[in-house]
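[1] got a predicted model here, sequence first, then my questions.
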Amino acid sequence: MIQSLVRSAGRRIAPLAMGAAVVGSAFVGSPIVAQGVTMHPLVSDFEFLTTSETPPTNAQCHSRGRRCFGAQAMQNVYDLGPLYAQRLNGKGRTIAIIDSFGSATIANDLRVFNNAWGLQHMCGETDAFGNASACTSDMPKFSVISFQGSPPAVAPPPSNGTGQEAHNLWALEVSLDVEWSHAIAPGANIDLVTTPTAETLGVQGFPDMMNAEQMIVDNHMADVISQSFGAGEETFASVQSLLNQRHAFESARASGVSVFASSGDGGTFNTFKEPVKNPNPIPGQSVIWPGSDPLVTSVGGTSVCLDEATGTVVDNVVPPAWCQAATGSRETTWQRWVKNSQGVLIKGGLSGGGFSHVFAKPDFQNALPASSTAIGDMRGLPDIAWQADSRTGVLVYMTEPPLSGLICPTGIPCSAGWYVVGGTSSSSPQWAGMIAVAAQMNGGPLGYLNPALYKIASDPAKYAADFHDITIGNNLDPFAANLDANGNPIRPGFNASTGWDPVTGLGTPDAAQLVPDLVFAVNHP
């Protein structure tokens with residue numbers, strides 16, 4: 001996500017343990033605002049590295065103060081290898097990725113990505129000239145579904161317009177979502193579902209996206225949905241206007257479709273829509289929707305301090321600096337701020353998390369691991385986490401920037417090629433990929449996951465085996481503009497803790513351990 005507004009049928013599954021309890025008709029602690037909702041992709045930080053179709057070397061990444069992860073290393077970070085050895089790779093299952101606008105070059109970019117990492121190719125890839133690649137009957141399928149049509153990416157106007165229709169940044173989001181859900185579930189089909197706008201104005205953006213998801217659910221087109229977008233709860237005109245958008249989630253629960261959403265990239269800091277280009281902050285701590293919805297599994301972010309060559313060994317030698325300082329730690333919370341060349345602190349990213357102002361604490365959060373951060377009356381998020389820090393980021397291939405005018409955070413126009421990318425936008429599609437693998441093991445979709453995840457975590461032995469509990473770090477905001485005269489945060493964040501916390505939730509998965517336990521749990525509620 002960029003800044004604080006984010007851009008993420010079948011068989012029997014576990015009965016649902018909770019209804020979607022809603023509190024009040026107005027937001028808790030904040031005024032109702034009568035304005036449209038603008039969402040952006042949750043790509044918080046990215047850097048262009050090379051125009052070559054060959055991925056950048058580790059040395060190239062280190063020279064930028066980063067370590068960069070490829071597909072096999074990230075698979076190892078979360079222990080997917082034993083599942084692949086059992087021929088469990090998502091084969092026969094389908095992931096739906098929901099994004100605005102799409103990307104004209106994604107079919108070719110996916111082909112290059114798969115070549116680079118030796119991954120299974122997909123039927124639906126093309127070469128750089130748009131010629132379809134050869135397909136075989138056993139290949140997974142990549143499809144683009146344009147819901148109500150999706151305009152091509154265009155360069156922003158010289159003034160960058162209102163900054164609310166970021167076609168170019170969504171193109172990077174598309175590459176991230178498609179390539180990395182495939183990296184985790186190389187045998188699964190992928191439906192990229194695109195919509196024609198990201199600006200709601202009460203009648204577009206979010207309604208288009210939710211209607212697209214409704215179409216996916218009603219037509220039994222996917223086992224799992226990933227959403228790497230969102231907006232602060234308070235940006236909706238009223239609680240009811242937010243609730244009107246969640247019909248697809250209610251249908252997904254009833255139809256057995258798992259739904260993920262990024263938790264956000266600003267910690268507890270989010271903004272309203274206006275003034276455009278410099279929107280006002282939402283007062284106090286806030287969270288984003290749909291990540292705050294109890295019907296969604298909310299995914300936070302971490303920094304991974306394992307070696308980028310294998311993803312198996314703690315490496316406190318190479319950049320970034322916080323991994324060099326985190327002696328012996330495989331992961332910390334994603335809470336990273338960077339100074340520019342003038343030594344001025346500039347915004348990096350924070351794992352979004354906190355407590356909803358709309359949804360009451362669901363039943364599944366009544367039982368938490370020992371020593372967890374307490375959850376009061378309201379729904380806590382995120383539920384779980386995955387790598388999100390761009391300084392320990394994933395490598396993404398995209399060739400659309402020359403057309404779309406993508407500008408890197410340095411202010412320099414980016415080129416076509418490899419990027420290192422971060423944000424909870426990276427976390428949600430990779431969790432969706434892992435659940436596609438679980439759905440293959442299950443012989444059908446797992447459906448609504450939250451009760452099963454918390455049931456597993458309430459068992460001390462299973463929690464220790466199935467999750468990496470992230471206990472180092474926080475999502476406190478040290479950005480100068482958000483500090484009071486005494487240097488204290490205007491809107492304090494939260495510290496990581498043992499067990500669940502509002503930074504990384506229950507933690508990150510050990511897939512080889514969690515997936516079979518999750519399959520069992522959804523079938524034995």
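    Looks like it came in fine. Residues are numbered from 1 along each chain as shown.
[2] isn't residue 315 right next to residue 327, touching?
    No - here residue 315 lies out of contact with residue 327, judged by CB atoms under 8 Å, at a distance of 11.0 Å. The way it works is simple: take the backbone N, C-alpha and C, and place the C-beta from them, glycine included.
[3] these two: which is more packed in?
    Comparing residue 315 with residue 327 by neighbour count (other CB atoms under 10 Å), the higher total belongs to residue 315, at 19 against 9.
[4] how about the residue nearest to residue 217 when sequence neighbours are not counted, phi and psi?
    The shortest distance from residue 217 to any residue that is not its chain neighbour, by CB to CB, 6 or more residues apart in numbering, is 4.6 Å, and that residue is residue 251. The main-chain torsion angles of residue 251 are listed as degrees, to the nearest 10 and equal phi -70, psi -40.
[5] for residue 251, what are its contacts?
    The contact partners of residue 251, by CB atoms under 8 Å, 6 or more residues apart in numbering, come to 214, 217, 218.
[6] turn these into JSON lines, including pLDDT, neighbour count and secondary structure.
    Formatted as JSON lines, the entries for the contacts of residue 251 read as follows, by pLDDT from 0 to 100; neighbours: other CB atoms under 10 Å; DSSP: H, G, I helix; E, B strand; the rest coil:
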{"residue": "214", "pLDDT": "95", "neighbour count": "17", "secondary structure": "helix"}
{"residue": "217", "pLDDT": "96", "neighbour count": "25", "secondary structure": "helix"}
{"residue": "218", "pLDDT": "96", "neighbour count": "12", "secondary structure": "helix"}
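[7] of all these, which comes closest to residue 508?
    For residue 508, the closest of the contacts of residue 251 turns out to be residue 217, at 27.5 Å, with distances computed as CB to CB.
[8] show me what contacts that closest one?
    9, 225, 248, 251, 252, 255, 257 are the contacts of residue 217 under CB under 8 Å, 6+ apart.
[9] among these, which two are most distant?
    Spanning the widest gap among these are 9 and 248, at 13.1 Å by CB to CB.
[10] more neighbours, those two?
    Of the pair residue 9 and residue 248, residue 248 is the one with more neighbours under other CB under 10 Å, namely 25 against 18.
[11] ok, that one - contacts?
    With contacts defined as CB under 8 Å, 6+ apart, residue 248 is in contact with 210, 211, 213, 214, 216, 217.
[12] can I get the residues you listed in CSV including distance to residue 270?
    What follows is the contacts of residue 248, written out as CSV (distance: CB to CB, whole Å):
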residue, distance to residue 270
210, 20
211, 24
213, 22
214, 26
216, 27
217, 28
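[13] closest to residue 427 among those?
    The shortest separation between residue 427 and any of the contacts of residue 248 is 18.8 Å, and it belongs to residue 213 (by CB to CB).
[14] doesn't that closest one lie inside a strand?
    No - per DSSP: H, G, I helix; E, B strand; the rest coil, residue 213 lies outside any strand segment and is helix.
[15] roughly how far does it sit from residue 454?
    Noted for residue 213: a distance of 24 Å to residue 454, by CB to CB, to the nearest Å.
[16] the more surrounded of those two?
    Legend: neighbour count by other CB under 10 Å for residue 213 and residue 454, higher for residue 213 (28 against 24).
[17] now that one. Nearest residue, chain neighbours left out?
    If the residues on either side of it in the chain are set aside, residue 213 comes closest to residue 248, at 3.8 Å by CB to CB, 6+ apart.
[18] give me the pLDDT for that neighbour.
    The confidence metric pLDDT takes the value 97 at residue 248.
[19] residue 382 versus residue 453, what's the distance?
    For residue 453, the distance to residue 382 under the criterion CB to CB works out to 11 Å.
[20] so which of those two has more stuff around it?
    Set residue 453 next to residue 382 and count neighbours by other CB under 10 Å: residue 382 wins out with 32 against 23.
[21] correct me, but the more buried one touches residue 300?
    Yes - Residue 382 is in contact with residue 300 according to CB under 8 Å; the separation is 3.5 Å.
[22] any residues in contact with both of these two?
    Taking CB under 8 Å, 6+ apart as the criterion, residue 382 and residue 300 both touch 263, 351, 352, 353, 503, 504, 505.
[23] out of those residues, who's the most crowded?
    Counting neighbours by other CB under 10 Å, the one among these with the most is residue 352, which has 40 neighbours.
[24] so that residue belongs to a helix, correct?
    No - Residue 352: not assigned to a helix; according to three-state DSSP it is coil.
[25] look at the nearest residue to it once chain neighbours are set aside and give its secondary structure.
    For residue 352, ignoring the flanking residues on the chain, the nearest one in space by CB to CB, 6+ apart is residue 264 at 2.4 Å. Of the three states, residue 264 takes coil according to three-state DSSP.
[26] am I right that residue 264 is in contact with residue 230?
    Yes - taking CB under 8 Å as the contact criterion, residue 264 and residue 230 are neighbours in contact, 6.4 Å apart.
[27] okay, the two: which has more neighbours?
    Set side by side, residue 264 and residue 230 show more neighbours around residue 264, with 39 against 35, by other CB under 10 Å.
[28] any idea how far the more buried one lies from residue 328?
    Between residue 264 and residue 328 the computed distance is 29 Å (CB to CB).
[29] could you pull out the helices for the stretch 101-250 of the chain?
    For the stretch 101-250 of the chain, applying DSSP state H, counting those that start in this stretch gives helices covering 106-117, 167-184, 205-218, 239-243, 247-255.
[30] hey, least reliable of these by pLDDT?
    helix 167-184 (a mean of 87).
[31] chain center to that one, what's the gap?
    Per CA atoms, centre = their mean, to the nearest Å, the displacement of helix 167-184 from the mean C-alpha position of its chain is 10 Å.
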